[in-house]
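J.: All I have is the shape, not the residue letters:
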């Protein structure tokens, strides 16, 4: 996720509107939002915020800073606004303006175009100039369309072998890899590049943390594994694409087959925790636990076809 998006609290649907200051309830006046859907499913939003709105918000921000400012010769909050504006860090002013305007602009755009984003947007600044409208590019995506094809027939051919009893031989259960390979061979799905990049970034960050714990530098790790940084990136992009493709496919199967997880099943899984710390962790992440349990039930469904 783009640092700028995270810094200004942009959630998947513009719902998490973070920032240190309360956001005005009114919409941005005369904001222009253009949408472009890229071939891979990525959605490009161009957000244009009128400079008049920027100026109004800047006045609010400066007034806020002035009310909290402590300048020599003046009581707190009593320094002249003009003097405060000369003294305060203009970068902080701009950051505060962004915190107030960016989440609103993104949320309005999502609503105007009837979008259902599934990830935090990547935000890129296109224009921030004095006297001109502020323009941003927001990249996001919705859940990809999935065609499961005739996956059941293919998987049944694999599972059928385990149902044949041959005297003197143990029943051979199909492996997880066999079932997944057949499932994905039937699926038609186009994963937006933005999701793959996001997941590969997460995998790389995880690996870098593990390397650091071993007391190695990235260069030492690459040298020991005879790989380049480009090799590592390509490897994780491939893994990210495979992982995401499988995750969306299992979600689609679960949805079509109405596979769900009850509160009782979640509670039972939590009770099986190995210790109190793990139990508390599972309790605090019930939604994630439910997703894992649903995925496992979906795999069991496929195995029993």
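T.: Yep, that arrived. Not measured: the values here are computed from a predicted model.
J.: Please identify the helix or strand for residue 135.
T.: strand 134-141 (DSSP states H and E).
J.: For the helix or strand just after that strand, name the packing helices and strands.
T.: Downstream of strand 134-141, the next assigned helix or strand under DSSP H and E is strand 146-147. In this structure, strand 146-147 makes packing contacts with strand 188-189, helix 229-256, judged by 3 or more CB pairs under 8 Å, 6 or more residues apart in numbering; DSSP states H and E. To be clear about C-beta, it is placed using only N, CA and C from the backbone, and glycine gets the same treatment.
J.: Of these, give the one that comes closest to residue 153.
T.: helix 229-256 (14.1 Å; CB to CB).
J.: List the buried residues for the next helix or strand after the closest one?
T.: As assigned by DSSP H and E, the chain's next helix or strand after helix 229-256 is helix 263-271. For helix 263-271, burial by neighbour count (16 or more other CB atoms under 10 Å) applies to 266, 269-270.
J.: Which residues does helix 263-271 contact?
T.: If you take CB atoms under 8 Å, 6 or more residues apart in numbering as the criterion, helix 263-271 is touched by 279, 282-283, 286, 289-290, 293.
J.: Let me know the closest of these to residue 255.
T.: Using CB to CB, residue 290 comes nearest to residue 255 of the contacts of helix 263-271, at 14.2 Å.
J.: Pull out the buried positions in the helix or strand harbouring the closest one.
T.: Using DSSP H and E, residue 290 sits within helix 286-303. Within helix 286-303, the residues scored as buried using 16+ other CB under 10 Å are 289-291, 293-295, 297-299, 302-303.
J.: Pick the one among those residues closest to residue 247.
T.: Nearest member of the buried residues of helix 286-303 to residue 247, counting by CB to CB, is residue 295, at 7.8 Å.
J.: wait, the closest one sits on residue 250?
T.: Yes: using CB atoms under 8 Å, residue 295 makes contact with residue 250 at a distance of 5.4 Å.
J.: Helices of the protein, start to end?
T.: 3-7, 51-68, 81-87, 90-112, 151-159, 176-186, 193-213, 218-224, 229-256, 263-271, 276-284, 286-303 (DSSP state H).
J.: Highest mean neighbour count out of those?
T.: Ranked by mean neighbour count, these are led by helix 90-112 with a mean of 20 (mean count of other CB atoms under 10 Å).
J.: any weak-confidence spans in the stretch 101-250 of the chain?
T.: 163-170 (pLDDT under 70).
J.: now with 80?
T.: For the stretch 101-250 of the chain, the stretches with pLDDT under 80 are 161-173.
J.: Phi first, then psi, for the most centrally placed residue in the chain.
T.: Taking CA atoms, centre = their mean, the centroid of the chain lies closest to residue 119, which sits 3.6 Å from it. Backbone torsions of residue 119, given as degrees, to the nearest 10, read phi -140, psi 160.
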